[in-house]
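In: the amino acid sequence is not available; the structure is as follows:
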């Protein structure tokens, strides 16, 4: 048994040495593309153990991350939120360019764990339950913001960050910025700009700006004239006392 284990370690180390030049070239290309690299440091070694660390060094990041993701799912089923968060940190460290891992980690923290915190019958203090819920909201936000730093060239995590800021933290200003940032990408869905306008309309002092923003979307054509946008424009026209001649036509 000991001999077999030593042989496995030697083989992994040999494979890692063989692909090291290739990994160095990949790291240089990632740096040139302004992408963040993930350091395989002592902190990661402590989290995944010696054999897992050797596997990561040897180029097995993807299957190791997939295996740990299954472990995270088990932790979720057992409502082991702290353990699950730690596993998510390891998985995203191993595979920082996987949007799915960042997105799902944020969702589990900001939605599932936060709901469990508020429904925790073992905690009689409502104030402490709310505090725990807020902490999980912020953990979800942290996952998305770190995911964005590792994937600055894709819109999806900006969009999900906007949703979290809107639905959980109710930070309409930050949500507006996140949706606008997502909308800048050519492949972003058109509703990103609508979401930005909806959130902007909730910010005190920016109502007129939001109205002009949403009206510009309305004037783009039928695809933008959804009931939510039209109804909000109608409400804002009354609130801002927009002259009848300047109001949008009935859909």
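Out: Yep, that arrived. Because the structure is predicted, anything quoted here is derived from the model rather than measured.
In: where does this protein have low pLDDT?
Out: The chain contains residues with pLDDT under 70 at 1-61, 250-251.
In: isn't residue 103 up against residue 158?
Out: No - applying C-beta atoms under 8 Å, one finds residue 103 not in contact with residue 158, separated by 11.4 Å. Any C-beta I mention is one placed from the backbone N, CA and C, and that applies to glycine too.
In: more neighbours: which of the two?
Out: residue 158 (25 against 19; other C-beta atoms under 10 Å).
In: three-state assignment of that one?
Out: helix (DSSP: H, G, I helix; E, B strand; the rest coil).
In: wait, what's in contact with it?
Out: Shown in contact with residue 158 (C-beta atoms under 8 Å, 6 or more residues apart in numbering): 148, 178, 179, 181, 182.
In: can you say which two of the residues you listed are spatially most distant?
Out: Pairwise distances across these (C-beta to C-beta) peak at 13.3 Å, for the pair 148 and 179.
In: neighbour-wise, which of those two wins?
Out: residue 179 (28 against 19).
In: list the contacts for the more buried one?
Out: 158, 159, 162, 192, 193, 195, 196, 199.
In: which non-adjacent residue is nearest the first one?
Out: Think residue 158. Once flanking residues are discounted, residue 158 sits nearest to residue 182: 3.8 Å by C-beta to C-beta, 6 or more residues apart in numbering.
In: now that neighbour: phi and psi?
Out: phi -60, psi -40 (degrees, to the nearest 10).
In: settle this for me: it is touching residue 191, isn't it.
Out: No - the pair residue 182 and residue 191 fails to qualify as a contact (C-beta under 8 Å) at a distance of 9.8 Å.
In: more crowded one of these two?
Out: Legend: neighbour count by other C-beta under 10 Å for residue 182 and residue 191, higher for residue 182 (25 against 17).
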